[in-house]
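Novice: What shape does this take:
(one chain, ligands or ions: 1)
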Amino acid sequence: MKIIDIESKKGEKVFGYIDMFEYPHGTIEKLPICIVEGLEEGPVFLLTGNIHGDELHGLVALQEIIQEINPTKVKGTVIIIPSLNPAGLLVLKRSPFYTQSDPNRLWPNPKPKKEPKLKYDDVYDENLDSEKHPDIQEIFYTKFAQILPEVDYFIDLHCHAIRSLPFSYLDRVYYDEKKEGEKEQSEELYEKNKNLVEAYGLTLVLEGPPKHYFDDKLHRSTIGSFVNKFRKPGFTVELGASGYVDIDIVKIAKTGIWNVLKHTGMIEGELEKIESVAVLNDTLWREIIIRSSTSGFYIPLVKCGEIVEKGDPIFEIRDIFGNIKETIIAVERGTILGMWDDVCCYPNSELAVYLVENTIDVVLPWEYEKKDEEEKKE
Ligand SMILES: [Zn+2]
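Specialist: Presented below is the predicted three-dimensional model:
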C-alpha cells in the first residue's frame, strides 16, 4: 500500500519519512513511518504514539514492536508511527514548539456542522473565523487523515498522569438520527471497539459524556475522529506518567499491542493476560474529578487502582504543620485513576481523577441535548 509517498513491499519492513511542512529557515519537518506488509492479505492496523511530545511510553513500545515484528508472519499491513509530533518530542512538550494548539484536537471533525444564519452581512466573516484558517499542524494531520479510509483498526498510545493506573479510553459512538440504520451500526461499532479494548487487556474507561467530550474537542482527537468520522474501531491507551520511560510499562504496552494483533487475526498466537497492574473490568467506568475545597497540602490515602467504597477517605488536606484541614471521601464505589503531579492545592484545585460506574448511554445521537419546552414550541 502507499502512504502519501511511501510504498510498502510484501514481506518487508519499509522505513521512510513523510514531509510535514517547511520551517522558516527552509528545512522540512518530517514524520517517521514504518510500514510492515505481510505476505498474505489482511486488515490494515495503524499504531501511533507520542502525539503529545512528552508522552514517551508509546514511542518506546512502538520502537520495540518495529524491531520485533516479523513481516513474513503478518496477515495484512501494520503501519507504525512512533511519533505523531516529532517537534514536541524534541522539547518534551505536549504541543510542538511552533504552535500552541493541542495536536490531539486537530483531526477531521466528525460532528455535523450547524452553520449559524447571520442576520447581517460581513465581508470579513471568514477572515475572523479561525476554523477556516487551520495552523500547519492541523493542515498536515488533515492531509495525513486521507489515509484513514484505508485503515481498519487504529490505536493511539498516550501517557496519563503520575502514579496513574495504565488503562484504555473508549469513545462513545454518535449517530445521525435521520440516517436509517446508523444507530444500529453505531451499536455494532461500539461492541467491536469494546472487544478490541478488552483484547488489549487494560482497564476500560469511557471518554467523558457528550457535553464535556465536545467542549474539550475530544471528537477531534485521533481516535475520536477515527471512530466517529471514519466509523472504524480504535481506541486510546494511557500508559502511566509522561516525561520518562519505565520498562515495565513498555512491556505492558507491547503485550497489549501483540494481543490486539492476535485478536484481529493479523498474527498467530494466544492472547496474554496483563497481570503486573490491576485490570478492573467488572464495572464499566467513567471518570469524575476530585477537587479540594481549601488551600493546603494534599496527600493520597489510597493507591491508584485500589477499589474503595462510598464514604472511604481518599485524600487528606493538611496545613503546613500537618493538621488535617479536610478529608475527601469517595462519593461512591470506585478507584483513583490518576493523581496530578503536585502537593499544593487551593479551593477547587483538581487533585485526581476518580472512576465511578457509568450510567450514561454509550451510543448517542449527535444532538444529545435535552430540548426544553420553549424550544420545542418554536
Ligand atoms: Zn496524551
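
Novice: So which residues on this protein come close to the ion?
Specialist: 52, 55, 158 (C-beta under 5 Å from the ion). Where you see a C-beta, it was placed from the backbone N, CA and C, and this is true even at glycine.

Novice: Now residue 326. Nearest residue, chain neighbours left out?
Specialist: residue 317 (4.1 Å; C-beta to C-beta, 6 or more residues apart in numbering).

Novice: Verify the stated contact: the one you found with residue 323.
Specialist: No. Assessed by C-beta atoms under 8 Å, residue 317 is found out of contact with residue 323, at 10.0 Å.

Novice: Could you check which of the two has the larger neighbour count?
Specialist: Legend: neighbour count by other C-beta atoms under 10 Å for residue 317 and residue 323, higher for residue 317 (20 against 8).

Novice: Skip the chain neighbours and tell me the closest residue to residue 13.
Specialist: Sequence neighbours aside, residue 36 is the residue nearest to residue 13 in space, at 5.1 Å (criterion: C-beta to C-beta, 6+ apart).

Novice: Report the contact partners of the one you found.
Specialist: 8, 12-14, 66, 69, 71, 74, 77-80 (C-beta atoms under 8 Å, 6 or more residues apart in numbering).

Novice: name the element it belongs to?
Specialist: Using DSSP states H and E, residue 36 maps to strand 28-37.

Novice: Secondary structure, distance to residue 187 and pLDDT for the residues of the chain next to the ion - can I get that in TSV?
Specialist: Below are these laid out as TSV (DSSP: H, G, I helix; E, B strand; the rest coil; distance: C-beta to C-beta, whole Å; pLDDT from 0 to 100):
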residue	secondary structure	distance to residue 187	pLDDT
52	coil	31	98
55	coil	32	97
158	strand	26	98
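
Novice: ranking those residues by neighbours, who comes first?
Specialist: Highest neighbour count within these, by other C-beta under 10 Å: residue 55, with 27 neighbours.

Novice: Leaving out chain neighbours, which residue sits closest to it?
Specialist: residue 159 (3.8 Å).

Novice: from memory the one you found sits against residue 237, does it?
Specialist: No. Judged on C-beta under 8 Å, residue 159 makes no contact with residue 237 at a distance of 9.3 Å.

Novice: what do the two both touch?
Specialist: The contact lists of residue 159 and residue 237 share residue 58, where a contact means C-beta under 8 Å, 6+ apart.

Novice: Which one of the contacts of residue 36 sits in the busiest neighbourhood?
Specialist: That'd be residue 78 among the contacts of residue 36, by other C-beta under 10 Å, with 27 neighbours.

Novice: Tell me what it is bridged to.
Specialist: Under DSSP bridges, the beta-bridge partners of residue 78 are residue 36, residue 45.

Novice: any idea how far residue 85 is from residue 251?
Specialist: Going from residue 85 to residue 251 by C-beta to C-beta, to the nearest Å gives 24 Å.

Novice: Looking at those two, which is more packed in?
Specialist: Set residue 85 next to residue 251 and count neighbours by other C-beta under 10 Å: residue 85 wins out with 26 against 14.

Novice: Now do the residue nearest to residue 326 against residue 334, distance only.
Specialist: Distance of residue 317 to residue 334, given as C-beta to C-beta: 20 Å.

Novice: Tell me who's in contact with the residue in the stretch 1-150 of the chain that the ion sits nearest to.
Specialist: The ion sits closest to residue 52 of the stretch 1-150 of the chain, with a gap of 3.6 Å, by C-beta to the ion. Applying C-beta under 8 Å, 6+ apart to residue 52 gives the contacts 85, 88, 94-95, 102-104, 158-159, 242.

Novice: dump the residue contacts of residue 22.
Specialist: Residues counted as contacts of residue 22 (C-beta under 8 Å, 6+ apart) are 28-29.

Novice: Which strand residues bridge it?
Specialist: residue 28.

Novice: Roughly how far does it sit from residue 103?
Specialist: To residue 103, residue 22 is 18 Å away according to C-beta to C-beta.

Novice: rewinding a little: okay, the residue nearest to residue 13: pLDDT?
Specialist: pLDDT recorded at residue 36 is 98.

Novice: try residue 377
Specialist: We note a pLDDT of 54 for residue 377 in this prediction.

Novice: how far is the longest helix seen in the chain from where the chain is centred?
Specialist: Determined from DSSP state H, the single longest helix within the chain is helix 182-200. Helix 182-200 has its C-alpha centroid displaced from the chain centroid by 16 Å (C-alpha atoms, centre = their mean, to the nearest Å).

Novice: Fine, thanks again, bye for now.
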